[in-house]
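Enquirer: Only the shape, not the letters, is given here:
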């Protein structure tokens, strides 16, 4: 089973995920990292199914959500609602599906001693601007997230990532907790330093990630449109963890309950919550 397998389950889980706060330790029941990734894991079927059980058009998916997010940068920890939209744009080292962990950007990972992890990235990872994503970007992003106050960054110190080569790194934590590692690996959105530095607002209004979708329209508090990338680096032969089968996802944010009820009643959206 892959991270993006059934789009219907993605969106049903998605609307529940938006109400969750910062994630906890993955060793103690279902955490936000588990829930967020459970939402993401199911989004890749060739067709969706609407509330009446009919086959849905896979060219455009219309979604209405109660809670919007602010700030589209991967290096942003202030908004708990952004993950469920932006994990279509940015990727993490690992993803979570059916009670197991799968590689997302990481092809393999191994704990070589307590608190020390050896991680091998896939080769040929690029973001939507064509920038290569390498171990150097992981090292930079971990430090940047630490500076930004990423909650789980308390589990490691700055300089925790040692770059071995472009696709190989060693991550040394300040805890032996495997749960802490998996929370970081599934929760921390990553981007290339090149894209981040080239953006005048550090990707806040125009996110650039390695994921299968790009943000083609973003009006904070109102709407977000995601469009499938034609140049997505992953394929089923490389790593079938993120397969985007909708050409476009149009998300509307409707915070007022009465208006949400009207939106659902109108039939203008396929999923709402």
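Expert: Noted; the coordinates are in hand. It should be emphasised that the depicted structure is a prediction, and the values quoted were computed from it without experimental measurement.
Enquirer: can you tell me how far residue 246 sits from residue 213?
Expert: 9 Å (Cβ to Cβ, to the nearest Å). For the C-beta atoms, the positions are set from N, CA and C on the backbone; glycine is no exception.
Enquirer: if I look at the two, which residues touch both of them?
Expert: residue 228 (Cβ atoms under 8 Å, 6 or more residues apart in numbering).
Enquirer: which residue ranges form the helices in the stretch 151-273 of the chain?
Expert: Chain-ordered helices for the stretch 151-273 of the chain, with DSSP state H, counting those that start in this stretch as the definition, fall at 178-187, 193-198, 257-266.
Enquirer: What helices and strands are in contact with the last one?
Expert: Taking 3 or more Cβ pairs under 8 Å, 6 or more residues apart in numbering; DSSP states H and E as contact, the helices and strands that helix 257-266 lies on are strand 60-65, strand 271-272.
Enquirer: can you rerun that using 10 Å?
Expert: Counting contacts by 3 or more Cβ pairs under 10 Å, 6 or more residues apart in numbering; DSSP states H and E, the secondary-structure elements packed against helix 257-266 are strand 60-65, strand 248-253, strand 271-272.
Enquirer: Make TSV out of these and add mean neighbour count and distance to residue 196.
Expert: Written out in TSV, the entries for the helices and strands packed on helix 257-266 read as follows (neighbours: other Cβ atoms under 10 Å; distance: least, Cβ to Cβ, whole Å):
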stretch	mean neighbour count	distance to residue 196
strand 60-65	20	26
strand 248-253	20	24
strand 271-272	20	31
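Enquirer: Would you list the phi and psi of the closest residue to residue 190 other than its chain neighbours?
Expert: For residue 190, the nearest residue in space outside its immediate sequence neighbours is residue 141; the separation is 4.9 Å by Cβ to Cβ, 6 or more residues apart in numbering. Taking degrees, to the nearest 10, you get phi -60, psi -40 for the backbone angles of residue 141.
Enquirer: quick revisit: which one of the helices of the stretch 151-273 of the chain is the most hemmed in?
Expert: The densest packing among the helices of the stretch 151-273 of the chain, expressed as mean neighbour count by mean count of other Cβ atoms under 10 Å, is seen in helix 178-187 with a mean of 23.
Enquirer: Give me the packing partners of that one, helices and strands only.
Expert: Of the remaining helices and strands, those touching helix 178-187 by 3+ Cβ pairs under 10 Å, 6+ apart are helix 32-41, strand 94-97, strand 100-103, strand 106-113, strand 116-121, helix 135-148, strand 168-172.
Enquirer: Select from the helices and strands packed on helix 257-266 the stretch with the lowest mean pLDDT.
Expert: Per-segment mean pLDDT for the helices and strands packed on helix 257-266 reaches its minimum on strand 271-272, at a mean of 76.
Enquirer: Could you report the separation of residue 135 from residue 118?
Expert: Counting by Cβ to Cβ - residue 135 and residue 118 are separated by 11 Å.
Enquirer: got it, and residue 251?
Expert: Plainly put, residue 251 is 38 Å away from residue 118 if you go by Cβ to Cβ.
Enquirer: which residue packs closest to residue 218, ignoring adjacent ones?
Expert: Closest residue to residue 218 in three dimensions, ignoring its sequence neighbours and counting by Cβ to Cβ, 6+ apart: residue 224, at 5.1 Å.
Enquirer: The one you found contacts residue 69, correct?
Expert: Yes - the criterion here is Cβ atoms under 10 Å, and residue 224 meets it with residue 69 at 8.2 Å.
Enquirer: for residue 118, which residues make a bridge with it?
Expert: Beta-bridge partners for residue 118, by DSSP bridges, are residue 110, residue 170.
Enquirer: Please read off the pLDDT at it from the model.
Expert: Here the pLDDT value assigned to residue 118 is 98.
Enquirer: Cheers, nothing more for now.
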